[in-house]
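# Any chance you could fold what I've pasted below:
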Amino acid sequence: MLALSPDIERERLISPEYQREQEAMHAKYNYGIASIAAAPVVSKLINQYGVEELLDYGAGRGNLFKHLHVEHPMRLQAYDPAIPKWSEKPDPAEMVACIDVLEHIEPELLENVLDDLKRVTKRIGFFTVSCVPAEKTLSDGRNAHLIQAPCEWWLPKFMERFELHIFQRTVDGFFVLVMARELDS
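Residues are numbered from 1 along each chain as shown. Reported below is the predicted structural model:
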């Protein structure tokens, strides 16, 4: 097997095997329904902060965009490696929403994904994380939430990369509103 360079390894966000698994899961299930419930909060943040560009990171079927209510025109961008039309590496955006995604990431690639979230978040990030088992299982029997960790485990990972503005527990996890650090390059 050909070894990848350290730079390529740091940029890897999903393994080929897990990408195929996620493509099958996306075809089988209505992924992205959590974004419907989050859309009012995302809409409020967009309007409050005058956001003109939004990246839905882990967009599933694009439900977030269908349920936004914003007061001004904006550019929308979707990224999801399991959806071919949205699988290209995303461009940075003023605001990034990552809703019910991070707990699905392969544990060995989580730091890469969090670094990529930092790369694409120009100003504001709204991230939700479930801390409990999913109702769905993967084809090999593993729970679809590959990472089931408490808030206290997640928060330092966000705080290494962003300024934490809001932390709120939810029934099954939490959400954070973070801001990009201006001094970081």
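
# List the contacts of Glu21.
Residues counted as contacts of Glu21 (CB atoms under 8 Å, 6 or more residues apart in numbering) are 138-139. The C-beta positions use only the backbone N, C-alpha and C, and glycine is treated the same way.

# and it, that one's in a helix?
Yes - counting by DSSP: H, G, I helix; E, B strand; the rest coil, Glu21 falls inside a helix.

# gap between it and Asp115?
Glu21 is 23 Å from Asp115, where distance means CB to CB, to the nearest Å.

# if I look at the closest residue in space to Leu64 that isn't next to it in sequence, how far off is Ile124?
Leaving aside its chain neighbours, Leu64 sits nearest to Ser35 (3.8 Å; criterion: CB to CB, 6 or more residues apart in numbering). Going from Ser35 to Ile124 by CB to CB gives 16 Å.

# neighbour-wise, which of the two wins?
Ser35 (27 against 22; other CB atoms under 10 Å).

# so that one, which of the three states?
Under three-state DSSP, Ser35 comes out as helix.

# same question, the one 5 residues further on
When the structure is split into helix, strand and coil by three-state DSSP, Pro40 lands in helix.

# ranges for the strands of the chain?
Along the chain, counting by DSSP state E, strands occupy 53-57, 75-79, 93-99, 121-130, 162-169, 173-180.

# In JSON lines, list these along with mean pLDDT.
JSON lines is the format used below for those (pLDDT from 0 to 100):
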{"stretch": "strand 53-57", "mean pLDDT": "98"}
{"stretch": "strand 75-79", "mean pLDDT": "97"}
{"stretch": "strand 93-99", "mean pLDDT": "98"}
{"stretch": "strand 121-130", "mean pLDDT": "98"}
{"stretch": "strand 162-169", "mean pLDDT": "97"}
{"stretch": "strand 173-180", "mean pLDDT": "98"}
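
# out of the ones you listed, which comes closest to Ala39?
strand 93-99 (9.0 Å; CB to CB).

# Touching that closest one from outside, list them.
34-35, 38, 42, 45-46, 49, 51-58, 64, 75, 77, 117, 120-128.

# Then stretch 50-60?
26, 31-33, 35, 42, 45-46, 62, 64-65, 68, 72-80, 83, 86, 90-101, 104, 117, 120, 123-124.
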